[in-house]
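Asks: build me a model from this:
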Amino acid sequence: MSEIKVIDVKPAMVLVVLLFLFSGCDKPSGKDAAHQVQTNSSSTSQGLKENIGWIHGNCLAVRNAKINPGTSIQVIQLGKPQKVVDARVINSISESNSECFALLNDRAEINRQDGRFFYRLDINKESLNTMAIGLVAASAKIRNLNSVVEFDLNNDGTAEHADTCLTSEGVQFYISSNKTFDEKALWSDYYYLGYDNNPTCP
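Replies: Take a look at the predicted model:
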């Protein structure tokens, strides 16, 4: 019978552990850094989607199912001049009814798409017939310069503006550092009206 050699594995195990520990101290590669930036950007984008919505009358449409009654909303009225008013969430709206223009029978099905939820707001009567954008529990400082509201939602030092343009059947809401709607908009969402418009969007 041949002799079986016993190998001492302790030095090998120590070497493997040391290599593992020191490899964790390396700087991330360019590929890893790029992935991290994309992840952070995606997280920011998702946060904006959940905390910004459009308003018609006293009804807020937003991609967030967990907004509690009493939550404060900063409302940017998009008329001329633009104004900022405060509102609060009263309750969620689950059925199509006249309390929410966006949920009227001829438009509710399309407006419910893309994960939108609807909330009734306690808002002043002057705002009931206007289009607006709502910021949910926003921490951004909002100011009104020359009748135009501006703010810096992503803290990049560049002011953003809120506005709308018309599509052939609805309203395109957007927040952008540019003065027109384009693919660089920080946030945008669509409101289907159910009738034809003369488009003004680029």
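
Asks: ok, which stretches of the chain are helices?
Replies: Secondary structure of the chain (DSSP state H): helices at 10-23, 30-51, 108-111.

Asks: show residues contacting stretch 187-198.
Replies: Residues from elsewhere that reach stretch 187-198, judged by Cβ atoms under 8 Å, 6 or more residues apart in numbering: 48-49, 52-54, 56, 61, 102, 104, 106-107, 110-111, 116, 153, 166-176, 181. Backbone N, C-alpha and C define where each C-beta goes, glycine included.

Asks: select from the helices of the chain the stretch with the lowest mean pLDDT.
Replies: Here the lowest mean pLDDT among these goes to helix 10-23, at a mean of 39.

Asks: quick check: Ile93 vs Ala138, distance?
Replies: Noted for Ile93: a distance of 22 Å to Ala138, by Cβ to Cβ, to the nearest Å.

Asks: which residue sits closest to Asn129, ignoring its sequence neighbours?
Replies: Residue nearest to Asn129 in three dimensions, not counting chain neighbours: Gly57, with 6.7 Å by Cβ to Cβ, 6 or more residues apart in numbering.

Asks: wait, the one you found touches Glu126, no?
Replies: No: counting by Cβ atoms under 8 Å, Gly57 does not reach Glu126; the two are 11.5 Å apart.

Asks: these two: which is more packed in?
Replies: Using other Cβ atoms under 10 Å as the criterion, Gly57 and Glu126 rank with Gly57 on top: 19 against 10.
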